[in-house]
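Curious how this folds, go ahead:
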Amino acid sequence: MADGFALEVVTPDRLLVDAPAAALVLRTTEGDMTVLDGHTSLVAALVPGIVRVDPVEGEPVRLAVHGGFLQVDTSPANGGDGPAGLATKVTLLAGIAELADEIDVERARRAREAAAEHIGGGHPDRSDDEKLSVEEEAAAGELARAELRLEAAGATPA
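The predicted structure follows:
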């Protein structure tokens, strides 16, 4: 379909994207994928990563998505009666997702530094086989989220 497909990107707090899209590029637990109009119906788990939305009109939109689920519905019930007459409906549900242009880069850099310091300040003589403490695991998660935010925002390492 030349008009693309209906796309919603939703978090518990807000609707981030609600527009016709030509393509959606993301990573699921099964690997990287691109969704186009007419894609096979599916439900997939997302892994944290950059999601790119290519809208029908306008510039691509980048998001930092920290996991969630994707639903692609091309059921006959959508046969042109979906939002704005589009047949394919795609919904991305994320617990946390951020539009790249709304990311506070300096805050993400500070979070990355604090998390890296917490991990690095742990046990410098520990072997790679030893497990991280609960606090270090939490810091590792914070570090990964901060780095994803910085990547989505296109920030260079400071």
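
Contact partners for the closest residue to Leu16 other than its chain neighbours?
Closest residue to Leu16 apart from its sequence neighbours, by CB to CB, 6 or more residues apart in numbering: Val9 at 4.4 Å. Heads up, the C-betas are built off the backbone N, CA and C, glycines and all. Taking CB atoms under 8 Å, 6 or more residues apart in numbering, we find Val9 in contact with 15-18, 51, 53, 63, 65, 92, 94, 97.

Give the ChimeraX command for selecting the buried subset of those.
Burial among those is assessed by 16 or more other CB atoms under 10 Å; the matching ChimeraX selection reads:
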select :16,17,51,53,63,65,92,94,97
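
Look up how far Phe69 lies from Ala108.
Applying CB to CB, to the nearest Å, the value for Ala108 to Phe69 is 24 Å.

before we move on, what about His39?
With CB to CB as the criterion, His39 and Phe69 are 15 Å apart.

chain center to the helix or strand of the chain with the lowest mean pLDDT, what's the gap?
Across the helices and strands of the chain, mean confidence by mean pLDDT, DSSP states H and E is lowest for helix 134-153: a mean of 82. For helix 134-153, the separation from the chain centroid amounts to 14 Å (computed by CA atoms, centre = their mean, to the nearest Å).

For that helix, buried residues please.
Judged by neighbour count (16+ other CB under 10 Å), helix 134-153 contains these buried residues: 136, 139, 142-143, 145-153.

Tabulate these (JSON lines), appending distance to Glu113.
JSON lines is the format used below for the buried residues of helix 134-153 (distance: CB to CB, whole Å):
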{"residue": "Glu136", "distance to Glu113": "16"}
{"residue": "Ala139", "distance to Glu113": "11"}
{"residue": "Glu142", "distance to Glu113": "11"}
{"residue": "Leu143", "distance to Glu113": "9"}
{"residue": "Arg145", "distance to Glu113": "13"}
{"residue": "Ala146", "distance to Glu113": "8"}
{"residue": "Glu147", "distance to Glu113": "11"}
{"residue": "Leu148", "distance to Glu113": "15"}
{"residue": "Arg149", "distance to Glu113": "13"}
{"residue": "Leu150", "distance to Glu113": "11"}
{"residue": "Glu151", "distance to Glu113": "16"}
{"residue": "Ala152", "distance to Glu113": "18"}
{"residue": "Ala153", "distance to Glu113": "16"}
